[in-house]
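J.: Here is a sequence with its predicted model. Questions after.
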Amino acid sequence: MSVRAFCICFLLFFLSVPAICISAEEPAGLEETKRAVLAQSKEAVEDLLMFWEEKDLFVQTATRHNKAVSQVAENITIISAKEIEDMNAHTTAEVLNRVTGLFVDFGGQDFGSISFLHIQSSIHPSFPERHVLVLLDGVEWNLLNGGAAETNSIPVGIISRIEAIKGPASSSWGSSLGGVINIITKNAGDKARPAGGLSASYGEGESQDYRADLSGKAGPLGYYFFAGRQISDGLRNNRAFDNYSLYAKLRMPVSKSVNLGVTAGYSDPHLTSFEFPPPVDYTSRLFFRTFFVTANLDAVLSPELSLDVSLRTFSQKPGVLNDVLTTGDMIFHNIADERTTAGSAKLVWKSGSNAIVLGVDAGHGRSDQTLEGMFNAAAHSGVDKWAIFANDTISLGKLSITPGIRYDYNNITGSFTSPSLGVTYRMAGRTILRASVARGFTVPPLGWTSGGGYYLDPNPDIKSESVWSYQAGIESGIGEYVWMKATAFYDDMKDGIVKELFAGHWIPGCIGTDSDCRYDLMRNNGSIRRHGAELEAETAPFHNFSLKAGLAYVKTTPHPDDANSTFGRSTYEYNVGLKYDNAGKFTAELFGHYVWWDLNDPLGNLPKYNSFVWDFNARKKIFKSENRVAEIFLTGHNIFNGSQYTLSVVKNPGRWIEAGVRYSF
């Protein structure tokens, strides 16, 4: 039976099974910050709960400590585990692709394909994905050698929530000129009875996704375990994908006021980017092996004062393998072995109208790069860095003020100071005004300053890129059923890094012209200005239907005071989603996404991005007992065969279908 025939039969079964009503679970408890949020006026809380779950009324990424979302001046988006489950996402990048103002450039948008993350203020000519800082359990996921973060090594099954700050977050996190994506994993269990789940899906291209997790409490020890397996022959051009993932979290109370936590994770994704049969006879494969361990100690020192200390180690081994397809002979291999050790400590003091955070970060990273094939080379580089930061959330009735500052130092580019100031004002229960100004920066990757790469000359004189960013926005409930959010921003970026072709040293032993025999070079050679806006709207459920829509626009122009700056681009995206949710008995969702990349194509990459990509997801409960639930789901990807790709060599697949089952206990 073909996959399409299987899915048609599955759909008929899907619609014929009687539905079973499931009641919503009550949150396990309220933390101090959540209690503060719920202590607001009854009208304000009821308005917020029409569009947010109770647990989403606080965030931790803005100041590195829990605070009410109504006091957050930054442009922030929260994605919950339920939203991830509803969309049947296989990779973190698929989830982020639905965030308005976050632009995801997929390497084919295949099953498990690579992705490049751009946030509204990180559209730039030279690898802008390095401007976005990705965190998992406090671990910086960005590659030391290239600066970007590859998220297909982060299993979506372990995610409790994602908090994405769109705009510089350097006053809290350091090198993050474009923004921060903070991935928060699921908690260790707090009940003796184990809980968990199993899921499996199967789709075209032999695409399969298997997951299992378990949480509970053994005596005083809370635990959470996850295992995942993904495999696909590829949906287009033999773009295969294979990945194993393991994750564990333990939490133990040391005393009444002190807790110790440990997490560990391993992921080993391998994928084929593309294959060209003879006469081209070429294949390109990638891998991103990752392993990390973290340890965390949190202590309540007094009713007003708390301490959090964390240590972490992280290793990544990314590689690009370009070979002859028919023989397997090597053409060019680029492999990096990266290791990072880091630690953080912070004190939080709450008293009256103040919530002050004082902290320190420190770390060491090492990258060993090997180049083999057309020429052989090895590069070894490292970075030592430390930082101190402080911020305060000052609550004055309906007004909230958040000043922050951070001082960073590293042995590559020296020091950088990042101040910020944010203000929110709750005009009424339904309307919040936001404004912020922040200075941000991004440190150049080691491969540009001391490591080098394929035909790339290291330049130790590169400076960090910097930006002054100004944002203002309004968030409001209109009437009883509509929520809207509008944000405008303006960025002034200096010392932008660009690639200058054939500007480096002469390649030893090479005979030819400059274009044949000189390395490329990365330099601070341009400043730009950006401005843009976001508009988001969402309705509360009406007859079980809700609608969500978003628009983001970014205009990048050369800086008038910099004669070297020539880059200009207008990038925009649309998101549209229609959802039906019958009290959890049956859920269906139609989501459309469109990006206009505004790309010049001097190299013949032949991009195509003139149509929406629409996905359809449906879930139905088929069984429920006191503690067990089973459901089936069906997903149609790109159901109207839209084209959205920036390189013709990695076109996105057309319509493909998958189906699966989940069981939880």
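T.: Sure thing, it's come through.
J.: now for whichever strand or helix holds residue 499, which elements pack on it?
T.: Assigned by DSSP states H and E, residue 499 belongs to strand 497-500. On a contact count with 3 or more CB pairs under 8 Å, 6 or more residues apart in numbering; DSSP states H and E, strand 497-500 meets strand 520-524. For every residue, glycine as well, the C-beta is placed using N, CA and C.
J.: got the CA coordinates for the strand it packs on in PDB?
T.: Extracted in PDB, the C-alpha atoms of strand 520-524 (Å, rounded to 0.1, in the frame of the first residue of the first chain):
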ATOM      1  CA  ASP A 520      38.800  35.400   1.000                       C
ATOM      2  CA  LEU A 521      38.900  37.600   4.100                       C
ATOM      3  CA  MET A 522      36.200  38.700   6.600                       C
ATOM      4  CA  ARG A 523      36.400  42.400   7.600                       C
ATOM      5  CA  ASN A 524      34.500  45.100   9.400                       C
END
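J.: now that strand: mean pLDDT?
T.: If you average the pLDDT over strand 520-524, you get 86.
J.: cool, stretch 553-564 as well?
T.: 79.
J.: same thing with stretch 573-580?
T.: 97.
J.: quick revisit: who touches the strand holding residue 499?
T.: 125-126, 444, 448, 462, 465, 520-526, 567 (CB atoms under 8 Å, 6 or more residues apart in numbering).
J.: low-scoring stretches of this protein, by residue?
T.: 1-56, 121-126, 429, 452-455, 509, 514-516, 561-566, 602-603 (pLDDT under 70).
J.: Now do the helices in it.
T.: With helices called from DSSP state H, the chain shows them at 3-16, 32-38, 42-49, 81-87, 92-96, 170-173, 446, 514-517.
J.: picking that back up, quick one: strands adjacent to the strand holding residue 499?
T.: Applying DSSP bridges, strand 497-500 is found paired with strand 520-524 (antiparallel).
J.: correct me, but residue 150 touches residue 317?
T.: No: judged on CB atoms under 8 Å, residue 150 makes no contact with residue 317 at a distance of 11.6 Å.
J.: Those two - which one has more neighbours?
T.: Between residue 150 and residue 317, counted using other CB atoms under 10 Å, residue 150 has the larger neighbour count: 25 against 16.
J.: Quickly list what residue 196 is bridged to.
T.: For residue 196, the beta-bridge partners under DSSP bridges are residue 214.
J.: Give the burial count for it, as a bare number.
T.: Residue 196 has 16 nearby residues by other CB under 10 Å.
J.: who touches it in this structure?
T.: Counted by CB under 8 Å, 6+ apart, residue 196 has contacts 212, 213, 214, 215, 664, 665.
J.: Distance check, it against residue 188.
T.: Between residue 196 and residue 188 the distance is 12 Å, computed by CB to CB, to the nearest Å.
J.: do the same with residue 560
T.: When residue 560 is compared with residue 188 (using CB to CB), they lie 54 Å apart.
J.: Could you list the alpha-carbon positions for the lengthiest strand in the chain in CSV?
T.: Longest strand in the chain, counting residues (DSSP state E): strand 330-351. Extracted as CSV, the C-alpha positions of strand 330-351 are listed here (Å, rounded to 0.1, in the frame of the first residue of the first chain):
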residue,chain,number,x,y,z
MET,A,330,36.8,12.3,-1.1
ILE,A,331,36.5,15.7,-2.7
PHE,A,332,36.5,17.9,0.4
HIS,A,333,35.9,17.3,4.1
ASN,A,334,35.6,20.0,6.7
ILE,A,335,35.2,18.8,10.3
ALA,A,336,35.4,20.7,13.6
ASP,A,337,35.7,19.3,17.1
GLU,A,338,34.4,21.9,19.6
ARG,A,339,34.4,21.8,23.4
THR,A,340,33.1,24.4,25.8
THR,A,341,33.1,24.6,29.6
ALA,A,342,31.2,27.4,31.3
GLY,A,343,29.6,28.5,34.5
SER,A,344,27.2,31.1,35.8
ALA,A,345,26.0,32.5,39.2
LYS,A,346,23.3,34.9,40.0
LEU,A,347,21.7,36.5,43.1
VAL,A,348,18.1,37.7,43.0
TRP,A,349,16.9,40.1,45.6
LYS,A,350,13.2,41.0,45.9
SER,A,351,12.0,43.7,48.2
